[in-house]
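**Student:** I would like to see how this sequence folds:
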Amino acid sequence: MARKILITGGAGFIGSNLVDFLNSHAPDWDIRVLDDLSTGKESNLKGAQCDLTVGSILDQPLLAKVTEGVDHIVHLGAIGSVPRSVSAPRATHDANVTGTLNVLEAAREFSVNHVIVASSSSVYGSNPGLPRNELDWTRPLSPYAVSKQATEAYANAYFSAYGMSTVAFRFFNVYGPRQRADHPYAAVIPKFVAAALSGTPLLIHGDGTQTRDFTYVDSVCEALHRAIANRMRYEHPINLAFGSKINLLDLIEQIEQILGRALAVEHTESRTGDVKESQANSSLLDRLLPEISQFSTTEGLRATIRWFQSDASADD
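**Tutor:** Below is the predicted model of the structure:
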C-alpha cells in the first residue's frame, strides 16, 4: 500500500540514506523531506525520489504545511553533537526539544497517528552497566544527551496522553556513507577515515580505550523501514544496535588493515560530556525486529571507506 512519509532532517546523513532505502524497498511510497540544510546537503538527495522543502522544524507554519496529508513521520531533524551542545546548549535545546514538540503537535493537529523519533545512546550517560538495557537508569552527561532524553520522553508521553502510535529508537554511533567529516563536530569514524585518506594524523580525545557500539547506517534504515511498514509502536525506547563493542585503538587498527598501511595518531585531552563506554543490550530489538541485517565493523568500514574514496574522486 502506498504511504506518504515525512522525514525531518531527510537531507542529512541518516535521512538521505533512509530516502534511498525507501526508494529501493518501497518505490510506491511518497516521501517528503524537511531539512534546513544546516548539516544536511541537497546533493545527498541527488537522483532520489522525494520532495524537498528547505526549512526548519522550528518554523511552525512551514512544518504544518509539509505535515498535512502524510501518514507517517520519521523525525531525524536535530543538532546531533555532544561537543556542540556543550558549546551552545540553548541551540541544541531549541532544535532537539522544542523541535520535537513542534513535530508531535503538527502530527496531532493533522491526525498523523504514527511518529518515529531518533533518540541516542548518550542518554545512558554515567550509568556504568554494560551492555545497557532500555530499562536501565539514565544519567545524561551533556545538553545533547538531555535533549535526546526529552525527545524520547515526549514521544512516550504522546503515546500515553493522546494514543498516538510512537516509537523512539536509541541510535548507537551510526556511521556510513555521507557522514560528514568537514566540520568541527564530526563523528569519530568519518574524522578517522578522512584523516587516513588525506595522510594526516588521526586525533584521539583521550587514551583511545573508550568503547563504542558502532552501527552501520543500512541497519538503521532497514529498522526504520520496517517500523513504518508495520506501523510499529512501543511504550518505551528501543536500542538500535547489536551489542558490538570496540575501542578506538582497535578501530584504527581495522582501518589500517583495510588500507594496508600504518596510520599516524595524535592524542589530546578528553572532551566534556563524552561517555567512556557504550554497548547496547539488543535483546529487545532482536525480539521486535528480528529480521534486521547486521554488518560487522569491518564490512561497514570497507563500505564507508569506499564511499569516501569515490567522493574524493568525484571532487577532483
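
**Student:** I'd say K148 and V117 touch.
**Tutor:** No. In this structure, K148 is not within contact of V117 by C-beta atoms under 8 Å, at 9.2 Å. Glycine gets a C-beta too; all of them are placed from N, C-alpha and C.

**Student:** between the two, who's got more neighbours?
**Tutor:** Between K148 and V117, counted using other C-beta atoms under 10 Å, the more crowded position is K148 (31 against 25).

**Student:** the more buried one in helix, strand or coil?
**Tutor:** Put simply, K148 is helix when judged by DSSP: H, G, I helix; E, B strand; the rest coil.

**Student:** find the nearest non-adjacent residue to it, please.
**Tutor:** Leaving out its chain neighbours, the residue that sits closest to K148 by C-beta to C-beta, 6 or more residues apart in numbering is S120, at 4.1 Å.

**Student:** again, but for T304
**Tutor:** G176 (5.5 Å).

**Student:** can you name the residues that contact the one you found?
**Tutor:** 13, 17, 216-218, 300, 303-304, 307 (C-beta atoms under 8 Å, 6 or more residues apart in numbering).

**Student:** let's go with 7 Å and repeat that
**Tutor:** 17, 216-218, 300, 303-304 (C-beta atoms under 7 Å, 6 or more residues apart in numbering).

**Student:** just send these back as a markdown table, with secondary structure and pLDDT too.
**Tutor:** Below are the contacts of G176 laid out as a markdown table (DSSP: H, G, I helix; E, B strand; the rest coil; pLDDT from 0 to 100):
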| residue | secondary structure | pLDDT |
| --- | --- | --- |
| N17 | helix | 98 |
| Y216 | strand | 98 |
| V217 | helix | 98 |
| D218 | helix | 98 |
| G300 | helix | 97 |
| A303 | helix | 97 |
| T304 | helix | 98 |
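
**Student:** about what we covered before: any idea how far the residue nearest to T304 lies from V217?
**Tutor:** 3 Å (C-beta to C-beta, to the nearest Å).

**Student:** and for these two, which residues touch both?
**Tutor:** Common contacts of G176 and V217 (C-beta under 7 Å, 6+ apart): N17.

**Student:** settle this for me: D71 is touching A2, isn't it.
**Tutor:** No. Using C-beta atoms under 7 Å, D71 makes no contact with A2, being 9.0 Å away.

**Student:** who's more crowded, those two?
**Tutor:** Applying other C-beta under 10 Å to D71 and A2 shows that D71 carries more neighbours, namely 18 against 9.

**Student:** can you show me the helices along the stretch 51-200 of the chain?
**Tutor:** Remark: helices assigned in the stretch 51-200 of the chain by DSSP state H, counting those that start in this stretch are 60-67, 82-87, 89-93, 99-109, 143-162, 188-198.

**Student:** now for the longest one, which elements pack on it?
**Tutor:** Same thing as helix 143-162. Counting by 3 or more C-beta pairs under 7 Å, 6 or more residues apart in numbering; DSSP states H and E, the packing neighbours recorded for helix 143-162 are helix 82-87, helix 89-93, helix 99-109, strand 114-120, strand 165-171.

**Student:** one more: the last one?
**Tutor:** Secondary-structure packing of helix 188-198 (3+ C-beta pairs under 7 Å, 6+ apart): strand 202-205, helix 248-259, helix 297-315.

**Student:** including distance to I189, could these go into a markdown table?
**Tutor:** What follows is the helices and strands packed on helix 188-198, written out as a markdown table (distance: least, C-beta to C-beta, whole Å):
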| stretch | distance to I189 |
| --- | --- |
| strand 202-205 | 11 |
| helix 248-259 | 7 |
| helix 297-315 | 7 |
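
**Student:** which one of the ones you listed lies closest to D59?
**Tutor:** Proximity to D59 (C-beta to C-beta) singles out helix 297-315 among the helices and strands packed on helix 188-198, at 30.7 Å.
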